[in-house]
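Student: Got a predicted model here, sequence first, then my questions.
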Amino acid sequence: MSKNDAFPFRKPMKKLHLCSLMIGTAVLLFTSTAYAEHVFLKNGAIIKGTVTGETADELTLDLQNGAVKTYQQKDIIRVLYTELYLGVQYVRLVDGKVIQAYMVDEDQNSYTFRKNLYSPEEFKIPRADVLFIARNNPNKLAGKADYTSAELTWLPPMGEVKEYRIYVKEKFGAYPKKPAGTTTGTRYTVKDLKSCTEYRMIVTAVNEKGKESLPSNEIELETINYAPDAPGRPRHIIAADRGKGLVDVDVAWPAAADRDGTVAAYNVYLKKAKDREFSRAARIAAPAKAVEPGEISHTFKGIADKTEYVMAVTALDAKNAESDKSALLNFSTRNTPPNPPRQVNKTRELSAGGRKVDIRLSWNEASDPDGRVLKYRVYRKAARNVRLGETADTVFTAKNIDAAENPDFIVTAIDNRGAESEAYALKKLVSPGVNLLARTIFLCPLGDFADMYDAAAGAAVFFSFDSFAAHGLALGIETGYWKLMPGHELIGSSYMVPVLAEISYSFDITRFFRIGMYASGGGAYSSVTHAKKYMPVYDVTRETETSFDGIVSGGLLCEFVIKSRLVVDVKIGYLAILEAEPMHCMIFGAGIGYRFDMPGR
């Protein structure tokens with residue numbers, strides 16, 4: 001065996017002298033199976049193995065590579081039945097001299113050394129001449145791990161040290177040839193580790209000649225485990241009656257993530273709103289049933305009806321580390337009726353004789369804040385509403401209606417607990433119709449316009465087709481009379497007669513209220529009286545000019561349905577008069593009018 005083959009970790013002989021009772025380690029770069037026997041041959045070789053047979057003439061060894069070999073007793077110097085530290089050691093003599101050598105044996109009176117480990121030449125030093133013996137590798141390596149780093153400390157070896165090399169590997173596998181870091185001190189922080197991972201670490205010393213020592217003792221450290229991220233905010237999906245004042249409530253929440261592992265389970269906590277502390281209602285293994293991709297669900301079974309509750313969820317990883325609680329979900333087991341269906345439309349289909357029609361109703365799906373919508377009810381509006389039927393679909397056909405009639409209809413939603421929504425009256429906001437309104441108009445001049453006029457007020461008539469092509473889309477025309485109030489002594493009586501085409505689109509907010517946007521354009525006949533000359537003394541001659549100027553306007557529009565056909569609207573916007581130098585103003589309007597259903601619709 002060559003000298004380089006002696007670089008593996010070794011363990012020391014178990015002898016009497018305290019300085020020689022040091023625990024070795026595995027192989028540098030770096031593992032080796034431990035064998036108790038060391039056979040020293042007269043040619044200088046040191047054979048490691050396990051003695052399996054011995055006679056007066058021969059000795060049989062099981063070698064490290066699995067082979068079995070027999071040696072002649074006459075070729076053997078000694079057999080040590082213990083593990084042996086084969087690194088160089090410093091021997092301090094009582095006379096002050098220091099010897100570097102390899103200790104290969106000892107007894108009660110002396111130590112046996114070699115200058116060259118694999119040379120049979122040996123020498124003895126009496127115990128009485130030895131002050132102490134020390135190794136040249138770092139020792140007492142210790143450490144403490146954080147999430148992604150580890151702080152290491154160790155004691156220095158005997159002799160000068162140029163630098164220390166720190167080697168790191170995960171629990172299984174070999175040490176890399178390249179160290180994780182170097183330092184000249186006896187403290188080092190290993191960085192960029194993975195959390196929740198087991199590592200093994202050793203340290204070696206390098207002297208001024210560049211010779212690397214055997215490693216220190218090996219330590220095992222496990223970096224700290226990050227708890228999972230908190231789950232997303234839960235949501236209340238559905239509640240179902242169990243009877244006797246009890247309900248089942250389904251909840252769901254977004255799945256949590258774990259940066260250094262996997263989420264193994266969820267803890268679900270529940271309390272009544274009036275209580276101070278949560279109690280754990282369930283522990284759910286992950287992955288659990290998903291309501292939607294990435295969501296986890298749970299059912300609270302048999303909890304009290306008509307009661308306010310608060311819930312939260314935490315995530316647990318495989319090491320049982322628990323995340324922070326999710327955002328709280330407050331919910332009530334008191335049933336909330338569903339929202340009414342929206343965007344109800346109707347179309348008429350005449351019969352062959354032209355005396356009867358079928359009216360087809362359609363609407364958007366309704367939603368339920370704490371359950372699900374099971375079906376819809378359709379009523380024909382009258383002094384006492386007449387139920388025409390129920391459907392689980394979003395269409396319904398009322399048959400055999402007199403062609404001369406244009407009845408109103410109401411659609412409601414029914415949830416899984418039997419609660420009925422408010423009535424959504426079809427006629428009020430959805431059925432295509434014609435609006436005729438009278439409006440009061442007020443203008444607030446801006447910029448140069450404000451230098452000439454303080455304000456303007458007037459009245460207008462507005463005629464529109466509502467929901468004629470699509471629900472909420474209206475097209476109309478407006479005309480009226482605006483009186484301009486002079487703001488300068490040179491300006492006299494002035495007025496405008498506008499004619500504007502308007503298009504608007506509105507969204508239903510409730511059954512009685514819509515909000516939308518409008519844009520209009522057209523022109524106006526204008527009459528302006530102003531001073532022809534200004535004579536500083538007394539005389540002012542006035543003249544009247546007329547013109548036809550373009551107008552554009554746009555803004556917000558609100559509409560309220562007060563009664564069956566009575567409509568009130570309010571608008572606010574911007575208006576520009578397109579003269580050579582445009583005039584700008586804000587426009588405010590409020591109107592009241594009547595709604596007519598479109599014939600044949």
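Tutor: Looks like it arrived, so ask away.
Student: who does T70 bridge with?
Tutor: Beta bridges link T70 to T60 when assigned by DSSP bridges.
Student: Relative to I76, how far out is it?
Tutor: Applying CB to CB, to the nearest Å, the value for T70 to I76 is 11 Å. All C-beta spots, glycine's among them, are computed from the backbone N, C-alpha and C.
Student: Which one of those two is surrounded by more residues?
Tutor: Shown here are T70 and I76; by other CB atoms under 10 Å, I76 has more neighbours (15 against 12).
Student: does that one really touch L59, like I thought?
Tutor: Yes. Counting by CB atoms under 8 Å, I76 does reach L59; the two are 6.5 Å apart.
Student: anything in contact with each of the two?
Tutor: Common contact partners of I76 and L59 (CB atoms under 8 Å, 6 or more residues apart in numbering): V39.
Student: Now do the shared contacts for T70 and I76.
Tutor: By CB under 8 Å, 6+ apart, T70 and I76 have these common neighbours: L59.
Student: which residues sit in contact with V373?
Tutor: 338, 365-367, 413-416 are the contacts of V373 under CB under 8 Å, 6+ apart.
Student: Any idea what it is bridged to?
Tutor: Beta-bridge pairing for V373 (DSSP bridges): D415.
Student: Where do the helices of the chain begin and end?
Tutor: Ranges of helices in the chain, per DSSP state H, are 426-429, 448-452.
Student: Comparing the ones you listed by mean pLDDT, which bottoms out?
Tutor: Lowest mean pLDDT within the helices of the chain: helix 426-429, at a mean of 43.
Student: Look at K14 and report its pLDDT.
Tutor: Note on K14: pLDDT of 35.
Student: same question, L557
Tutor: Per-residue confidence at L557 stands at 92 (pLDDT).
Student: Can you give me the separation between it and M517?
Tutor: From L557 to M517 the distance is 7 Å (CB to CB).
Student: So for these two, which residues contact both of them?
Tutor: S504.
Student: Settle it for me: which of the two has more neighbours?
Tutor: With neighbours defined as other CB under 10 Å, L557 and M517 compare such that L557 has more, 20 against 15.
Student: The more buried one against Y505, yeah?
Tutor: No. Judged on CB under 8 Å, L557 makes no contact with Y505 at a distance of 9.0 Å.
Student: any shared contact partners between the two?
Tutor: Contact criterion CB under 8 Å, 6+ apart; residues bridging L557 and Y505 by contacting each: 516-517.
Student: Name the spans of the stretch 1-150 of the chain whose pLDDT lies under the cut-off.
Tutor: Counting by pLDDT under 70, the stretch 1-150 of the chain has low-confidence residues at 1-36.
Student: at 80 what do you get?
Tutor: 1-36, 82-87, 135 (pLDDT under 80).
Student: What is the burial count for F123?
Tutor: When neighbours are counted by other CB under 10 Å, F123 registers 12.
Student: ok now do it, which residues does it touch?
Tutor: Counting by CB under 8 Å, 6+ apart, F123 has contacts 112-115.
Student: again with F442
Tutor: 455-457, 587-589.
Student: okay, and the helix or strand of this structure with the least pLDDT?
Tutor: Sorting the helices and strands of the chain by mean pLDDT, DSSP states H and E puts helix 426-429 at the bottom, at a mean of 43.
Student: A256 is in contact with D229, isn't it?
Tutor: Yes. Counting by CB under 8 Å, A256 does reach D229; the two are 5.3 Å apart.
Student: Can you name the residues bridging to the residue lying closest to D569 once chain neighbours are set aside?
Tutor: Distances taken as CB to CB, 6 or more residues apart in numbering place E559 nearest to D569, at 4.7 Å, with adjacent residues excluded. Counting by DSSP bridges, E559 is bridged to R514, D569.
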